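J.: I would like to see how this sequence folds:
(one chain, ligands or ions: 1)
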Amino acid sequence: MSRKTSRRQCGSARRKARALGATAFMVAGTAGVTLGAVTPSSAATPNGLVSRVSKAAHKFTIALVPGLTTDPFYITMERGAAAEAKKLGVTLTWQGGTTFSPESQLPVVNSLLAEHPSALLIAPTDDVALKAPIQKFLSAGIPVISVDTTLTDTSILDARITSDNFQGGELAAETIAKLAHYTGQVAVDNVNPGISTTDARQAGFLAQIKKYPKMSVAAVEYNTDSPTLAASQTKDMVLKFPKLVGIFGTNLYGAQGAGEAIASAGKKGKIFVAGYDAEPATVKLLQSGVINVLVIQQPAVEGADGVKYAYDILTGHKSAVPKATLVPNIVATTANSHNPNITKYYYQSSLAALAG
Ligand code: T6T
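T.: Presented below is the predicted three-dimensional model:
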């Protein structure tokens, strides 16, 4: 996704929220950084339609296809979706690939089409490669909502729900810049190009760094969602760029790898780390001061909203469903990392939590 597209999406979702009369939402501050108003999600659903559970609802099966099944971000999303499905009396299914890649996700999506679910919630692992398979669901009359990641061509989707990824990237840059007294080089450890969320985070980060005349970007690396690769890339960058003052891991595996490499290179407090997502490995690095800031998302809210919107579409209330929903980020720092107002947003990382 281009920077422009990402910006436009955020803007349009914000406008939508305003149109709905949504209240401004302040996220937790970090290191003197405060984010502005962003679009609320489920709380803003205007009509209360979703609380009506009818017998007919039981015939609905909503399929949730995550980016990959082992990632705590998506496990937490499933929990939110499952709770909402229970409330509405619909069936939720959950199946996906075991790596974050179209190669792993496509066979799952293709075989799911034959099952003809009532609606599809999907986190596309590539913003172009998943368009044709998704189009097949739409052509079969199955509504599709993207959750977390989305397509470059969002026009074909019934709705999309994501976090404010561009803003999360800006915040990561702002935090590092402040800690480094607005001087020095920074690097990005991203997943793969072609992922709408992490591309937008990178775009936000780079745009923000550009605002600081004494700062520059030394490198952008892609770790293919592997913390081991992110760690070795970070180690190499530390050796190669003596002026490096900060690194941004754009998702939980990048943040984990970057943090672990900075700790083992003895650079804690010298090279600042901004990351994304809160599961045990990243939280531990945050609490020990290696990671300085984590942008935390609300995947359970995304999952719940997805089910709710699918239900509204299936019950003839499509006009109540916003085309674009931006879920607010939560900002965790080493200083607030034990605060219950923050810890309540940490992700569920165990599949055992899926029972019940
Ligand atoms: O950061 C999340 C998600 O938002 C992103 O699209 C892919 O990576 C995660 O699942 C974390 O691993």
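J.: tell me the secondary structure for Thr152?
T.: Three-state assignment for Thr152 (DSSP: H, G, I helix; E, B strand; the rest coil): coil.
J.: pretty sure Ala177 is touching Gln208, no?
T.: Yes. Proximity of Ala177 to Gln208 meets the contact threshold set by CB atoms under 8 Å, at 7.5 Å. The way it works is simple: take the backbone N, C-alpha and C, and place the C-beta from them, glycine included.
J.: for the residue in the stretch 201-350 of the chain positioned nearest to the ligand, what are its contacts?
T.: Closest residue of the stretch 201-350 of the chain to the ligand, CB to the nearest ligand atom: Asn251 (3.5 Å). Counting by CB atoms under 8 Å, 6 or more residues apart in numbering, Asn251 touches 73, 191, 197-198, 201, 225, 276-277.
J.: what about Ser319, how many neighbours?
T.: By the criterion of other CB atoms under 10 Å, Ser319 has 8 neighbours.
J.: isn't Lys243 up against Gly184?
T.: Yes. Lys243 lies in contact with Gly184 (CB under 8 Å); the separation is 5.2 Å.
J.: who has more neighbours out of the two?
T.: Each of Lys243 and Gly184 has its neighbours counted (other CB under 10 Å); Gly184 has more, 21 against 11.
J.: that one and Ser216, how far apart?
T.: 8 Å (CB to CB, to the nearest Å).
J.: overlap of the contact sets of the two?
T.: Any residue near both Gly184 and Ser216 by CB under 8 Å, 6+ apart counts here, and not one turns up.
J.: per-residue pLDDT, Asn251?
T.: With respect to pLDDT, Asn251 has a value of 98.
J.: got it, and Gln348?
T.: We have a pLDDT of 89 for Gln348.
J.: what about it, is that helix, strand or coil?
T.: coil.
J.: for it, list the residues it contacts.
T.: Neighbours of Gln348 in contact, by CB under 8 Å, 6+ apart: 72, 75-76, 79.
J.: give the burial count for the nearest residue to it once chain neighbours are set aside, as a bare number.
T.: Among residues not flanking Gln348 along the chain, Thr76 sits closest, at 4.8 Å (CB to CB, 6 or more residues apart in numbering). Per other CB under 10 Å, the neighbour tally for Thr76 reads 26.
J.: if I look at Thr76, how far off is His317?
T.: Noted for Thr76: a distance of 27 Å to His317, by CB to CB.
J.: go on, Ala255?
T.: Separation of Ala255 from His317 (CB to CB) stands at 39 Å.
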